[in-house]
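Student: Sequence and predicted model, in that order:
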Amino acid sequence: MNLDKLQINACIRSGWQSVDLGFLMARAWFRPLYFAGLLAMLPLSAVLLLVFWKSPFWALAIIWWLKPFWERLPLFIASRKLFDEEAGAWSSFRSFPLKDILPWLLWRRFSVQRAFDNPVTVLEDLRGGQRRQRLRVLHGKYSDVALGNQFVCFCFELLVCFGIALMIDFFTPESLGLEVYDKFDDLTLLGEWMFTLSGFMAMSLTMPFHCMAGFALYLNRRIELEAWDIEISFRSLANRKRASESQAAGLLASLMLAVIVCLAVPGSADAAIDHDRDSAAGLIEEVLQSEDFGQERTLRKWRFKDWSEEVDEEAFPEWLIEFLEWWEENVDWSTDFSGTAFLLKIVLVILFLGLVTYLLIRYRGPLSRLGSGRPREKAPAVLFGLDVTPQSLPPDVPAQVMRLWDEGGYREALSLLYRASLSRLIDKYEIAFRASHTEAECAALVKARGIESLSDYFWQLTAVWRQLAYGHRVPAGEIIQDLCQGWTTELSDESK
Amino acid sequence: MNDSTSTTPAALNALRDHINSRLIGQSQVVDQVLIAMLAGGHVLIEGVPGLGKTLLVQAMAAGIGGKFKRIQFTPDLMPGDVTGHVMFDMSQSKFVLKQGPVFTNLLLADEINRAPAKTQAALLEVMQERQVTLDGKSMKVGKPFMVLATQNPIEQEGTYALPEAELDRFILKINIDYPQAQDEVLIATRYALEAFGGDPGDTRQLIDVEAAQQQCAAIEVDDRVAEYAVELVRATRGSTLLRHGAGPRASIALLRCAKALALLNGVSFITPDDVKAMVLPVLRHRVILAPEVEIDGLGVDQVLANLLEKVDAPRS
């Protein structure tokens, strides 16, 4: 397994994003996956259809039951394509993965997360306890998505099956005299064959999508558990460093980092398969004993009560007993409905208060920010290579600008005025400039603040600045005087 | 703000208005085509059929007082059909040269990806060298010369993707989209009255293209802006999102187009804004997405926009 050749972007996705990726993979590699599935299905299916030619539904049922068997070849091919290895349908067919097939056709046939679990058997070749242990780790997340994937694919398969059958039925000219239903609206043999072949086509068409969605979930879980993304990043960092001969020290550092990460991440990508499990466990133990993992922290959090503790069932709460006694004395169940209504009212009030409390706790974060406005982002100290902190500015910016200008330091003077303006816009108006913003983009952000005079001023300043900086044209002294005056009006401490 | 150049902005505006009056609702495309013309390059236009690509070229040819020819690329088109060929004239008993449609000022290569690589390559020499070699003799094509090639983004069956070497020859790749609703109403009402296909307008030279190109070349470039352009291009090479980044020809094209944009805006120097504005059309056909990014469904423009965010803009 060479992670450098990984054909998907190794990043953490949500469960349904992984399913989406799986569908994209199925689309990208549809032809080999589809033909691989078909190649696996066709010979045995043909035999079954010949044997059960008078009741083809039986053949369809067996073909459907053997789905875990058919799904192995597409999965095998996808696992090769994932690492940019050539995997033709026929060559893969010759090395058909038959490991552990019997349980998959018996009790595991009822698994509702088949596509998610399949790679553990087909690709990792794990059985028995090891397989159970692996699945327990994998099922820590995305089991619900795997179940959803199976259900959606099942529904889609049914839709496609009926869609194909009905399309054939509707578009068959009556003049051909082909009867799909008999007089009692039961399917004729022709009708059964039509539905059987439609079912076969639907199964073969949906199989790549179902398999790839489960495979993508499996991959996502492994990326998450084994930090493939971090490993790939460090490898690319190490490669880049290696390419740069002049940065030998950097290479050493990045390689060390890569080694540290490989050790620190429990079970790197290769380790999951290649390493001996006992030695890996020992290595993990060793890493956990290291200084980084040897720290103790005290965490406080809410958890459910331990219900396994012995509870004295006899001990009813006192208030409940009192309430029931009061109820018995004051309410006649047989005639008085107002008592029932009162009880319902209490229940509704309790439910309402509970709901309000839940909502207050659930949305306490956003609620706490209400009224205080958007949290202010930390203002950058250096932007576009310029120091834009208020402390870096002289006490009287216009005076300093004019002094520099009179001394002939045109560029320094205008640079100071532009820098001071940026600093004030960040500090006073909280405009979030980014280092990638050009002058016009900065001016557009200022305009977006909706203060017309400020926007006009900054556009004018930007224009003059660009003429000097890029056009090397020195503006007239009066323009600078106007800009300094404008700065006092729009951006100084005294400005509104 | 503008340090206006001599007379060209007025002439350019006249040409721009002339084309915009014929091709409605595609002012951005018109600007980009004019930029390519001023930069002395060729353009690849991608868009569905029926958006007025032919009319654009016709109107442009009419505006510059030049000749216009069109080649419909098909799978059986031969290189000789593009460049021309030498044939034996029985009546004169000698070989005569038959010039192909490339001997013009504006050449519309319609659906260029429908022809096989051999025919596409016939355009390479003329696009780069602005000359054609026929029967061992090199002949210059008209001045100015510009190829406007089109391709359809939807129908990919039976097409031949343009090789990277040829794609690199196009200075810009322009995406042409459907016009806005109000523009479409205007188009529908105007052209419903006219002959089908639209009228490119009277042929009159509104601009001296060669003089404008020389003026474009003379636009001032600050060192920091040039460095910024190169940094943007180089950012495509180290990105993991791209399998193949843009080459040095992209840096040249980016600066030339930024100059043309400045000239079109009537300014005699370029700014980082001019460079940034031209990044997408200059680079989108010169980079190749990484397979995983394609599988994730991201487009070239999205990836390039992402890279733009990572390059610091200069403050000279």
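Tutor: Cool, got the structure. Residues are numbered from 1 along each chain as shown, chains lettered A, B, ... in the order given.

Student: Outline the domain layout of the chain.
Tutor: Unless you meant another one, I'm taking chain A. A:3-226, A:230-289, A:326-369, A:382-490 (automatic domain parsing).

Student: nope, chain B
Tutor: Per the record, chain B has its domains at B:1-206, B:219-316, by automatic domain parsing.

Student: so which of the ones you listed is the most packed in?
Tutor: Neighbour counts (mean count of other C-beta atoms under 10 Å in any protein chain shown) averaged over each of the domains of chain B peak at domain B:219-316, with a mean of 20. Quick note: C-beta positions are derived from backbone N, CA and C, even for glycine.

Student: Wondering if it reaches chain A at all.
Tutor: Yes - Domain B:219-316 reaches chain A (C-beta under 8 Å from any C-beta of the partner chain) through B:220, B:222, B:224-225, B:238, B:240, B:267-273, B:276, B:290-297, B:308-316.

Student: Could I get the domains of chain A in a markdown table, plus columns for mean pLDDT, mean neighbour count and distance to chain B?
Tutor: Converted to a markdown table, the domains of chain A look like this (pLDDT from 0 to 100; neighbours: other C-beta atoms under 10 Å in any protein chain shown; distance: least, C-beta to the nearest C-beta, whole Å):
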| stretch | mean pLDDT | mean neighbour count | distance to chain B |
| --- | --- | --- | --- |
| domain A:3-226 | 86 | 17 | 4 |
| domain A:230-289 | 63 | 14 | 7 |
| domain A:326-369 | 79 | 10 | 27 |
| domain A:382-490 | 86 | 17 | 4 |
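
Student: I'd like to know which of those lies nearest to residue B:40.
Tutor: Shortest separation from residue B:40 across those is recorded for domain A:382-490, at 22.5 Å, computed as C-beta to C-beta.

Student: Can you get me the start-to-end distance on the closest one?
Tutor: Start and end residues of domain A:382-490 are separated by 22 Å (C-alpha to C-alpha, to the nearest Å).

Student: from memory residue A:204 sits against residue A:37, does it?
Tutor: Yes - the criterion here is C-beta atoms under 8 Å, and residue A:204 meets it with residue A:37 at 5.5 Å.

Student: Any stretches of chain B with poor pLDDT?
Tutor: B:1-7, B:156, B:193-203, B:316 (pLDDT under 70).

Student: CA-only coordinates of whichever strand or helix holds residue A:239 in CSV, if you can.
Tutor: Assigned by DSSP states H and E, residue A:239 falls within helix A:228-243. Output in CSV follows, covering the C-alpha atoms of helix A:228-243 (Å, rounded to 0.1, in the frame of the first residue of the first chain):
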residue,chain,number,x,y,z
TRP,A,228,-3.3,8.9,6.5
ASP,A,229,-3.8,12.5,5.7
ILE,A,230,-1.1,13.5,8.2
GLU,A,231,1.2,10.8,6.9
ILE,A,232,0.8,11.9,3.3
SER,A,233,1.4,15.6,4.3
PHE,A,234,4.6,14.6,6.1
ARG,A,235,5.8,12.4,3.2
SER,A,236,5.3,15.3,0.8
LEU,A,237,7.1,17.6,3.2
ALA,A,238,9.9,15.2,3.4
ASN,A,239,10.0,14.8,-0.4
ARG,A,240,10.1,18.6,-0.8
LYS,A,241,12.8,18.9,1.7
ARG,A,242,14.8,16.1,0.1
ALA,A,243,14.6,17.9,-3.2
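
Student: which helices and strands does that helix pack with?
Tutor: Counting contacts by 3 or more C-beta pairs under 8 Å, 6 or more residues apart in numbering or on different chains; DSSP states H and E, helix A:228-243 packs against helix A:248-264.

Student: which residue ranges form the strands in the stretch 301-450 of chain A?
Tutor: Ranges of strands in the stretch 301-450 of chain A, per DSSP state E, counting those that start in this stretch, are A:382-383, A:386-387.

Student: check contacts around residue A:85.
Tutor: For residue A:85, the contact set (C-beta atoms under 8 Å, 6 or more residues apart in numbering or on different chains) comprises residue A:5.

Student: Could I get the contacting residues of the residue nearest to residue B:216 when sequence neighbours are not counted?
Tutor: Among residues not flanking residue B:216 along the chain, residue B:38 sits closest, at 4.5 Å (C-beta to C-beta, 6 or more residues apart in numbering or on different chains). Residue B:38 is in contact with B:12, B:212, B:213, B:216, B:259, B:260, B:263, B:264, counting by C-beta under 8 Å, 6+ apart.
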